[in-house]
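In: Pasting the sequence and the predicted model now:
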Amino acid sequence: MTKTQIEQLLRENERHKCEDSHTSLKPCVKIVAVADLPSRFGDFQVVAFYNDEDEKEHAAFIRGDIIGKESVPVRMHSECLTGDAIGSLRCDCRDQLETALSLMDSMERGVLLYLRQEGRGIGLINKIKAYALQDAGLDTVEANEALGFRDDERDYGVAAHMLKSLKVRSVQLITNNPKKIEGLTKHGIEISGRIPLVTSSNRYNESYLRTNAEKMGHLIPYDS
């Protein structure tokens, strides 16, 4: 985004009012800060968002000019402290994050939404509880259900509003998860295509990936 585009977005979002968002059953999402972010995956711009639904700070990492564009490659990445920061081998979250950022570095434009939805929306403490249940023999779906949750508690309303705030007209979603396509479509985002994001497995996450494919419908090649 150009300096002029950034200034315009910030001005528009300063005027964005949220008082009626709860009565309309929609989250209030607005841009509050934008800065350049050079990274080991290339040069990005980082956009910080406020929202009144979950009181968490979400971010978008932008490559190139995405304002008013169609078929923008978009990756929605849910926070995974154990994977993203610590390099856990129990999941493929860090691999997917790094692969998506590397992919965007080769593209003219793209957006990675970093969403604060730890543990598929159940939170860090419950995710660790689910790990313990998996150590006792349950798969990821069974562990969530044993804790009283659905297999996936995430909602993509905030993500959809982030994309609308950035004036993205339609997206090519970088995902293997059909629920993400359904979730964005439900909130009014036009999906023009899907870009697969497949990473390699290891002996610690083979069961996790198999469950994703067999029970959660993820579109990944996996030999059962």
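Out: That came in fine, so what should we check first?
In: Shouldn't Ala60 be within a helix?
Out: No - counting by DSSP: H, G, I helix; E, B strand; the rest coil, Ala60 falls outside a helix, being strand.
In: can I assume it is in contact with Leu166?
Out: Yes - contact criterion C-beta atoms under 8 Å: Ala60 and Leu166 qualify, at 6.5 Å. The C-beta positions use only the backbone N, C-alpha and C, and glycine is treated the same way.
In: Which residues are in contact with each of the two?
Out: 47, 111 (C-beta atoms under 8 Å, 6 or more residues apart in numbering).
In: can you map out the helices along this protein?
Out: Using DSSP state H, the helices of the chain run over 3-14, 93-105, 118-121, 124-135, 140-146, 157-165, 178-186, 206-214.
In: Turn those helices into JSON lines, including mean pLDDT and mean neighbour count.
Out: Shown next, in JSON lines, are those (pLDDT from 0 to 100; neighbours: other C-beta atoms under 10 Å):
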{"stretch": "helix 3-14", "mean pLDDT": "82", "mean neighbour count": "13"}
{"stretch": "helix 93-105", "mean pLDDT": "95", "mean neighbour count": "19"}
{"stretch": "helix 118-121", "mean pLDDT": "94", "mean neighbour count": "22"}
{"stretch": "helix 124-135", "mean pLDDT": "97", "mean neighbour count": "16"}
{"stretch": "helix 140-146", "mean pLDDT": "96", "mean neighbour count": "20"}
{"stretch": "helix 157-165", "mean pLDDT": "93", "mean neighbour count": "22"}
{"stretch": "helix 178-186", "mean pLDDT": "94", "mean neighbour count": "17"}
{"stretch": "helix 206-214", "mean pLDDT": "89", "mean neighbour count": "17"}
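In: is it possible to export the ones you listed to a markdown table including distance to Gly193?
Out: Formatted as a markdown table, the helices of the chain follow (distance: least, C-beta to C-beta, whole Å):
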| stretch | distance to Gly193 |
| --- | --- |
| helix 3-14 | 25 |
| helix 93-105 | 14 |
| helix 118-121 | 24 |
| helix 124-135 | 31 |
| helix 140-146 | 28 |
| helix 157-165 | 15 |
| helix 178-186 | 10 |
| helix 206-214 | 21 |
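In: Quick one: closest of the ones you listed to Asp65.
Out: Taking C-beta to C-beta, helix 3-14 is the member of the helices of the chain nearest to Asp65, at 7.6 Å.
In: name the helices or strands packed onto the closest one?
Out: Judged by 3 or more C-beta pairs under 8 Å, 6 or more residues apart in numbering; DSSP states H and E, the packing partners of helix 3-14 are strand 29-39.
In: partners of the strand it packs on in the sheet?
Out: Here strand 29-39 is paired, per DSSP bridges, with strand 42-51 (antiparallel).
In: quick one: the strand it pairs with to helix 3-14, angle?
Out: 10 degrees (axes from the mean of the first three to the mean of the last three C-alpha atoms, to 10 degrees).
In: And strand 42-51, what's buried?
Out: Using 16 or more other C-beta atoms under 10 Å as the test for burial, strand 42-51 gives 44-47, 49-51.
In: cool, and stretch 48-68?
Out: In stretch 48-68, counting by 16+ other C-beta under 10 Å, buried: 49-51, 58-64, 66-67.
In: Just name the lowest-scoring one in those residues, pLDDT-wise.
Out: In terms of pLDDT, the lowest of the buried residues of stretch 48-68 is Asn51, showing 83.
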